[in-house]
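Trainee: Build me a model from this:
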Amino acid sequence: MRLREVMTHKVFCLQADQDINSAIHFFAEHKITGAPVLEKKQVVGVLSEKDIFRALYPSVAEFYENPELWMEEVELEANAKSILNQPVKIYMSKNLICATPDTPVMQAGSMMLAHRVHRILVMDAEKLVGIVTRAEIFRNLFRLYSK
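Mentor: Below you'll find the model as predicted:
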């Protein structure tokens, strides 16, 4: 089975200068948990709920320097509110994990595990032609083999 058989062809994309607040609403509206980020019609990153969630909390280094940061509910909530107007490009992942439409599904699953991502961009000669999520691979693979 190849990615072309399981990928989503209609890809919902964000813009790099779009704010986090609108990205959150975009995710809810389209019932997705992440999307490629475009700048001048080129894919420059991927933003996921996980990226936004990470932005809400201190980093591991900050935790070791100041462990009480994790306990400050008021400060954590203020931080959550403060990122809403920030552009997507600040929090997106710039490390693009890509495959081609002919990539085997099992290889794509391995890539997801190795890179700890939930989606892979499907590119054909630098053009975004689809996206595949872990859930799509899971559903399609087991639909094929389970009875």
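Trainee: Surely residue 12 is in a strand?
Mentor: No: Residue 12 is assigned coil when assessed by DSSP: H, G, I helix; E, B strand; the rest coil, not a strand.
Trainee: How confident is the prediction for it, by pLDDT?
Mentor: Looking at residue 12, its pLDDT stands at 95.
Trainee: low-scoring pLDDT stretches of the chain, where are they?
Mentor: Applying pLDDT under 70 to the chain flags residues 57-60, 62-64, 66-80, 145-147.
Trainee: Please, where are all the helices along the protein?
Mentor: Counting by DSSP state H, the chain has helices at residues 3-6, 20-30, 49-55, 60-65, 73-82, 88-91, 105-115, 134-145.
Trainee: out of these, nearest to residue 123?
Mentor: Nearest to residue 123 among those is helix 3-6 (10.4 Å), distances taken as CB to CB. For glycine as for every other residue, the C-beta is placed from the backbone atoms N, C-alpha and C.
Trainee: Distance of the residue most central in space within the chain relative to residue 40?
Mentor: The structure's the chain has its C-alpha centroid closest to residue 48; by CA atoms, centre = their mean the separation is 3.2 Å. Distance, residue 48 to residue 40, using CB to CB, to the nearest Å: 22 Å.
Trainee: next one: residue 33
Mentor: From residue 33 to residue 40 the distance is 25 Å (CB to CB).
Trainee: circling back to that earlier point, nearest approach to residue 124 belongs to which of the helices of the chain?
Mentor: Across the helices of the chain, closest to residue 124 is helix 3-6 (CB to CB), at 9.4 Å.
Trainee: Flag every buried residue along the closest one.
Mentor: The neighbour-count criterion (16 or more other CB atoms under 10 Å) identifies 3, 4, 6 as the buried residues of helix 3-6.
Trainee: what does stretch 82-90 give?
Mentor: Residues of stretch 82-90 classed as buried: 83, 87, 88, 89 (neighbour count, 16+ other CB under 10 Å).
Trainee: check contacts around the third one.
Mentor: So that's residue 88. The contact partners of residue 88, taken as CB atoms under 8 Å, 6 or more residues apart in numbering, are 14, 15, 16, 17, 18, 19, 20, 23, 37, 45, 47.
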